[in-house]
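Enquirer: my questions concern the predicted model and sequence given below.
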Amino acid sequence: MPVNLVRVADGLNIAVEKAGPENALTVVLLHGGGQTRRSWSRTASALLSEGYAVISFDARGHGESDWAADGDYSPAAQARDLQSILSGYDASRVVLVGASMGAVTALFYATGEMPPPAALVLVDMVLQPVSDSGLRLLNFMTGNPDGFATLADAAAAIDAFNPAREKTSDVSRLLPNLRIGQDQRYRWHWDPRLFGDLDKPTLPDWSGLADRVSGRVGSPTLLIRGEQSEVVDDAGIEHMSGLIPHLQTAVIEGAGHMVVGDSNHLFNDAVIDFLKKSRGHTELHF
C-alpha cells in the first residue's frame with residue numbers, strides 16, 4: 001500500500017497507508033507499543049481480499065512517523081492523531097482494530113466527542129492486566145540505549161527476549177525496525193520517551209480509563225485474547241465485561257500477547273467473522 005504523510009493537529013507527520021474500495025467499510029488497524037503498521041501486513045491483505053478498505057499507520061513516536069517534541073504519547077494525543085487521520089470519514093462505516101496500546105487509543109477515541117465507530121476490536125488489552133506483566137517488555141524496549149553496532153547484535157537481543165520463536169535468520173529484515181544514528185549505530189525505531197523519564201522509565205497506567213469507558217462504549221465490541229497471554233487473564237476480561245456489558249470475546253489458540261504475529265490466520269478469521277456477523281446488526285450500516 002502507498003505511504004502518505006498526514007499532518008495531524010499537533011503538527012506531527014504520521015505515516016499512513018490506505019487501500020481498498022472507497023465505498024467499502026473501512027477497517028483501521030492500530031498497532032501496539034514498539035510495533036509499526038507493518039505488523040498488520042498479513043491482516044491487511046486478508047481484509048482487502050474480503051472487500052474491506054484498510055487504513056494502517058505508524059503511531060507517533062514509531063516507525064516512519066514523527067516523534068513528539070514534548071514527549072506526549074498519551075491516549076489523548078494518540079486519539080487526536082486518529083481523529084485527524086479519519087477526517088472526512090463517516091464514523092458509522094469505520095471499524096477500529098487496536099492491539100494493546102492501539103486498543104487503548106481506540107477506546108479513548110470511541111468514548112470521546114466524535115461520533116462512535118461502527119465497531120471495535122480490542123486485541124489482548126484489558127484495563128486490569130496481570131500484575132507486572134509488562135515489566136519484561138519495558139526492560140526490552142528501554143534497554144540498549146546506546147544502540148547496536150551491527151544488525152546481528154540487534155537480532156541477538158530479539159532472540160533473547162523471545163527464545164520460543166524461531167531465531168532471526170535474515171538480519172536485514174530488521175532494518176524497518178531500526179534507525180541509524182549519526183554515530184552509525186542502530187537504535188530501535190521507537191522514541192524511548194514512550195515510557196516517560198529516560199532515567200526512570202515506567203509502564204503507562206491505563207487504569208484511570210475505566211471510569212471513562214464504563215457504560216460509554218455503544219459500538220459492538222470484540223476482545224480477542226491470546227490463549228497463552230501473559231497480560232490478559234479471566235479476571236481482566238471480567239473487569240472489562242463490567243465496563244462494556246455487550247463485550248464479546250474470542251480466544252486464539254497458541255497465541256501469547258502478540259496475537260497477530262503468533263497466530264495470524266486464526267486472528268484474521270476471528271476479526272472477519274465478527275465483522276460479517278456485525279452486518280446483521282440493525283444499528284450498523286455497513
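Expert: Structure received.
Enquirer: give me the below-cutoff pLDDT ranges for this structure.
Expert: Within the chain, the segments meeting pLDDT under 70 span 162, 164-166, 198, 279-286.
Enquirer: now do the contacts for the spatially most central residue of it.
Expert: For the chain, the residue nearest the mean C-alpha position is H31 (2.3 Å; Cα atoms, centre = their mean). Counting by Cβ atoms under 8 Å, 6 or more residues apart in numbering, H31 makes contact with R37, S39, W40, S56, D58, A59, H62, A99, M101, G102. For every residue, glycine as well, the C-beta is placed using N, CA and C.
Enquirer: go again with 7 Å.
Expert: R37, S39, W40, A59, A99, G102 (Cβ atoms under 7 Å, 6 or more residues apart in numbering).
Enquirer: so can I have CSV of the residues you listed showing neighbour count, secondary structure and distance to E227?
Expert: Formatted as CSV, these follow (neighbours: other Cβ atoms under 10 Å; DSSP: H, G, I helix; E, B strand; the rest coil; distance: Cβ to Cβ, whole Å):
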residue, neighbour count, secondary structure, distance to E227
R37, 26, helix, 26
S39, 21, helix, 19
W40, 27, helix, 21
A59, 26, coil, 26
A99, 29, strand, 16
G102, 27, helix, 20
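Enquirer: can you show me the helices along this protein?
Expert: 41-49, 75-85, 101-110, 135-142, 151-161, 209-213, 234-243, 259-262, 264-278 (DSSP state H).
Enquirer: so which of the ones you listed is the most packed in?
Expert: helix 101-110 (a mean of 26; mean count of other Cβ atoms under 10 Å).
Enquirer: that one vs helix 75-85, what angle?
Expert: 70 degrees (axes from the mean of the first three to the mean of the last three Cα atoms, to 10 degrees).
Enquirer: next, the angle helix 234-243 makes with helix 101-110.
Expert: Using the same axes, to 10 degrees, helix 101-110 lies at 10 degrees relative to helix 234-243.
Enquirer: can I get helix 101-110 in CSV? Just the C-alpha atoms.
Expert: The C-alpha coordinates for helix 101-110 follow below in CSV (Å, rounded to 0.1, in the frame of the first residue of the first chain):
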residue,chain,number,x,y,z
MET,A,101,-1.5,0.4,23.1
GLY,A,102,-3.6,0.7,19.9
ALA,A,103,-6.6,-0.7,21.7
VAL,A,104,-6.3,2.0,24.4
THR,A,105,-6.2,4.6,21.6
ALA,A,106,-9.4,3.1,20.1
LEU,A,107,-11.2,3.1,23.4
PHE,A,108,-10.2,6.7,24.1
TYR,A,109,-11.4,7.8,20.7
ALA,A,110,-14.7,5.8,20.9
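Enquirer: and the contacts of that helix?
Expert: If you take Cβ under 7 Å, 6+ apart as the criterion, helix 101-110 is touched by 30-33, 75-76, 78-79, 82-83, 96, 98, 116-117, 120, 122-123, 125, 206, 209, 213, 217, 219.
Enquirer: how much space separates V251 from V271?
Expert: Distance, V251 to V271, using Cβ to Cβ, to the nearest Å: 14 Å.
Enquirer: out of the contacts of H31, which comes closest to G11?
Expert: A59 (15.6 Å; Cβ to Cβ).
Enquirer: my guess is that closest one contacts Q78. True?
Expert: Yes: using Cβ atoms under 7 Å, A59 is in contact with Q78, at 6.2 Å.
Enquirer: about what we covered before: export the helices of the chain to JSON lines and tack on distance to E22?
Expert: As requested, these are exported to JSON lines (distance: least, Cβ to Cβ, whole Å):
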{"stretch": "helix 41-49", "distance to E22": "13"}
{"stretch": "helix 75-85", "distance to E22": "16"}
{"stretch": "helix 101-110", "distance to E22": "22"}
{"stretch": "helix 135-142", "distance to E22": "37"}
{"stretch": "helix 151-161", "distance to E22": "38"}
{"stretch": "helix 209-213", "distance to E22": "32"}
{"stretch": "helix 234-243", "distance to E22": "34"}
{"stretch": "helix 259-262", "distance to E22": "26"}
{"stretch": "helix 264-278", "distance to E22": "18"}
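Enquirer: got a list of what the nearest residue to V213 once chain neighbours are set aside touches?
Expert: Of all residues not flanking V213 in the chain, L243 sits nearest, at 4.8 Å (Cβ to Cβ, 6 or more residues apart in numbering). Contact analysis of L243 by Cβ under 7 Å, 6+ apart lists A210, V213, S214.
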